[in-house]
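> dropping the sequence and predicted coords here.
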Amino acid sequence: METKIVLESAKGVANGKVQLCFSQIVQTATSSPNVLGILNASDDRFNQQKPRYAWITVQPEDASKEFGIDLTGLAQGQELEIGKVNPEMKSLPGKELAICITETTEGSEYDVANFETRAKRAGKDGDFIMKDGKYIYVRTSVVPVEPGHSANHKIFTDTTRLEAGSSASNAIADALGN
């Protein structure tokens, strides 16, 4: 069962829109027990799970109506801290919201140009995690789910590691289709 989702904040962005920030500690089917964490269960440093984040750019009037929070007055760059746990949408009665993780080897132009920070890695500066010799890019979205159910995550299995800094130009060429 997924943990609670939080509507963290809303920020005014270009074209009169608002960007909503959601967070959730997500458990995926590929998550396996962490032996190191189990053997250090009494040490909080080993048991800190970090939330995943998803951002959605929306019409402020529609989001205000759905969540019951007035977002219509947010100017570009202005941010409103919300912190609403398990927000409900009026158009989706009886549904819960969850962050869904989707992995893909097809990065956007931005992803490919910035693969050093956009591609999946084993830790902040660790090896790149590859699928069939291609970089993996992670997308997050917010989806409705039945109460008590998880989002249908799409996580690659049978991945390999590419040492950071080695053969990166070959992988970039592959990602660009050259």
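Alright, I've got the coordinates. Residues are numbered from 1 along each chain as shown.

> relative to Q27, how far out is the residue nearest to I129 when sequence neighbours are not counted?
Excluding its sequence neighbours, the residue lying closest to I129 (C-beta to C-beta, 6 or more residues apart in numbering) is K120, at 4.4 Å. C-beta: built from backbone N, CA, C; applies to glycine. For K120, the distance to Q27 equals 18 Å [C-beta to C-beta, to the nearest Å].

> pick out whichever of the two has more residues nearby.
K120 (17 against 13; other C-beta atoms under 10 Å).

> ramachandran angles for that one?
As for K120, its main-chain torsions (degrees, to the nearest 10) stand at phi -70, psi 140.

> distance check, the most centrally placed residue in the chain against I101.
Geometric centre of the chain, nearest residue: T140, 3.6 Å, by C-alpha atoms, centre = their mean. To I101, T140 is 6 Å away according to C-beta to C-beta.

> shared neighbours of these two, which are they?
By C-beta atoms under 8 Å, 6 or more residues apart in numbering, T140 and I101 have these common neighbours: R52.

> for the residue nearest to the centre of the chain, which three-state class applies?
Here T140 is recorded as strand under DSSP: H, G, I helix; E, B strand; the rest coil.

> okay, now the unreliable bits of the chain?
For the chain, applying pLDDT under 70 flags the ranges 1-3, 28-34, 46-48, 165-178.

> all helices of it, in order?
35-38, 60-67, 109-113, 115-118, 168-176 (DSSP state H).

> okay if I get these as JSON lines plus mean neighbour count and distance to F156?
Compiled in JSON lines, the helices of the chain are given as follows (neighbours: other C-beta atoms under 10 Å; distance: least, C-beta to C-beta, whole Å):
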{"stretch": "helix 35-38", "mean neighbour count": "10", "distance to F156": "23"}
{"stretch": "helix 60-67", "mean neighbour count": "17", "distance to F156": "32"}
{"stretch": "helix 109-113", "mean neighbour count": "13", "distance to F156": "15"}
{"stretch": "helix 115-118", "mean neighbour count": "14", "distance to F156": "16"}
{"stretch": "helix 168-176", "mean neighbour count": "14", "distance to F156": "15"}
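
> turn the ones you listed into TSV, including distance to K124.
Converted to TSV, these look like this (distance: least, C-beta to C-beta, whole Å):
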stretch	distance to K124
helix 35-38	18
helix 60-67	32
helix 109-113	17
helix 115-118	10
helix 168-176	17
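
> which of the ones you listed sits closest to F22?
With C-beta to C-beta, the closest approach to F22 among these belongs to helix 60-67: 11.1 Å.

> who's in contact with the closest one?
Contacts of helix 60-67 (C-beta under 8 Å, 6+ apart): 7, 10, 12, 16-18, 20, 69-72, 74, 84, 87-91.
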